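task: produce atomic coordinates for the following.
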Amino acid sequence: MNYTNYIQHLFVEEDEVLSSIDSRLRSLGLPLISVPPEVGKWLTMMVKMTGAKQILEVGTLAGYSTICLSRGLKDDGHCTTIELKEEHANLAREHLAKLHYLDKVTILIGDALEQLAKLVQENKKYDFFFLDADKVNYPTYVELVIQLASPGAVIVLDNLFLGGRVLDKNDQHPAPTAVRKVTDMLANHARLESMILPLGDGVGVAIVQ
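Residues are numbered from 1 along each chain as shown. Below is the predicted model of the structure:
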């Protein structure tokens, strides 16, 4: 048993909907890229600990992390999630409906950069962000969500280890290059107090000053 299995065994108990998502994705030929169970549990706890009321998620897929985020909200909280593809959004709605979370969640369909820019223009504000979309645009996503952040908002980013690729300086593919850049932003941005946790594939968490 490795550390991950040990943590999952002790602290994570997926409900029927969450545990069915990977098999559903597999049956549809979609990538198995939802957050792992321990990260999902941690997201729920983070929302509860911060008392977040307005969440913005970038990258919905089948709704696994959306469910975990929504589960941490109180009755007056709401989660807005951005998804590029309608087919993924429909799948997420199906899973959210099974848990009666549709009234807690708004799904915006379209390119994340365009949707975020629109939210900035509308002067929207959020107190919790979860980024789990295309890694190449992570640096731009962070700059945009900082503009959307209420004072003290929390930004969480998934996959900052990128399967270990970020450690290989010879790997100059756009994805690890962008993740290295956003990690540098987290470490040095004047408005962010940040840390990376060795949870899942590397989870970054930052407080917006």
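
isn't there a strand covering T60?
No - according to DSSP: H, G, I helix; E, B strand; the rest coil, T60 belongs to no strand; its state is coil.

which ones are touching it?
Under the criterion of C-beta atoms under 8 Å, 6 or more residues apart in numbering, the contact list for T60 reads 66, 81-83, 88-89, 92, 107. Placement of C-beta: from N, CA and C, glycine included.

now pLDDT too, for those residues, in a markdown table please.
Putting these into a markdown table (pLDDT from 0 to 100) gives the following:
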| residue | pLDDT |
| --- | --- |
| T66 | 98 |
| T81 | 99 |
| I82 | 99 |
| E83 | 97 |
| H88 | 95 |
| A89 | 96 |
| A92 | 96 |
| I107 | 98 |
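
for those residues, which one is nearest D184?
Among those, I82 lies closest to D184 (C-beta to C-beta), at 24.3 Å.

tell me the helix or strand right after whatever helix or strand the closest one lives in.
Using DSSP states H and E, I82 sits within strand 78-83. For strand 78-83, the following helix or strand on the C-terminal side (DSSP H and E) is helix 86-98.

just to revisit the earlier point, so which elements touch the strand holding I82?
Under the contact definition 3 or more C-beta pairs under 8 Å, 6 or more residues apart in numbering; DSSP states H and E, strand 78-83 sits against strand 54-58, helix 64-71, helix 86-98, strand 105-109, helix 112-121.

contacts for stretch 185-205?
35-36, 38-39, 42, 46, 139, 142, 146, 154-163, 166, 182-183, 206-209.

chain neighbours aside, what residue packs nearest to V47?
Distances taken as C-beta to C-beta, 6 or more residues apart in numbering place G72 nearest to V47, at 2.8 Å, with adjacent residues excluded.

can you report phi and psi for the one you found?
Torsion angles at G72 (phi, psi; degrees, to the nearest 10) stand at phi -80, psi -10.

look up how far I207 lies from it.
Remark: distance between G72 and I207 (C-beta to C-beta, to the nearest Å) = 17 Å.
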